[in-house]
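>>> What follows is a predicted structure for the sequence shown.
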Amino acid sequence: MPLRIIKRWGDSPAVRIPMAVMKDAGLNLEQAVQVRAERGCIIIEPTSPALDDLFHGIAAEGRRAAEERGQAISPVGA
């Protein structure tokens, strides 16, 4: 993997992440991540969306109607 240089982006430091690394890590553009330092390393991890965020934009009436039809009861991926 080629060497990366930390540069400035506005008032913050930035490093460009190659798309191959993004793909290998299972990350996508515009995805929310957490960034932290741990034992001298920078860790970037995807965040889990909050339940309210998953249902953002769905009217409460629509959720209740889907639940009554049984559509919202089966687990995701089932």
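Done, it's in.
>>> drop to CA atoms for contacts and neighbour counts, all remaining ones
OK.
>>> Does anything pack onto the host helix or strand of residue 44? Which helices or strands?
For residue 44, the host element (DSSP states H and E) is strand 41-46. Where contact means 3 or more Cα pairs under 8 Å, 6 or more residues apart in numbering; DSSP states H and E, strand 41-46 is packed against strand 33-38.
>>> Sort out which residues of stretch 12-32 are buried, please.
Neighbour-count burial for stretch 12-32 flags residue 27 (criterion: 16 or more other Cα atoms under 10 Å).
>>> now it: mean pLDDT?
Averaging pLDDT along stretch 12-32 gives 94.
>>> how far does that stretch sit from the chain's center?
Remark: stretch 12-32 is offset 11 Å from the chain centroid, using Cα atoms, centre = their mean, to the nearest Å.
>>> Next: stretch 8-15.
Stretch 8-15 sits 21 Å away from the centroid of its parent chain (Cα atoms, centre = their mean).
>>> circling back to that earlier point, buried set for the strand holding residue 44?
By 16+ other Cα under 10 Å, strand 41-46 has no buried positions at all.
>>> CA atoms of the next helix or strand after that strand as PDB?
Proceeding N to C from strand 41-46, the next assigned helix or strand is helix 51-54, under DSSP H and E. Output of helix 51-54 as PDB, limited to C-alpha atoms (Å, rounded to 0.1, in the frame of the first residue of the first chain):
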ATOM      1  CA  LEU A  51     -33.700   3.100  15.700                       C
ATOM      2  CA  ASP A  52     -35.300   6.500  15.200                       C
ATOM      3  CA  ASP A  53     -33.000   7.200  12.300                       C
ATOM      4  CA  LEU A  54     -34.000   3.900  10.600                       C
END
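>>> Which elements pack onto helix 51-54?
For helix 51-54, there is no helix or strand it packs on, judged by 3+ Cα pairs under 8 Å, 6+ apart.
>>> Quick check: mean pLDDT of it?
For helix 51-54, mean pLDDT rounds to 72.
>>> That one: how far from the chain's middle?
The answer for helix 51-54 is 13 Å, by Cα atoms, centre = their mean.
>>> for stretch 37-53, same thing?
Between the centre of stretch 37-53 and the centre of its chain there are 8 Å (Cα atoms, centre = their mean).
>>> That's all I had, so thanks and see you.
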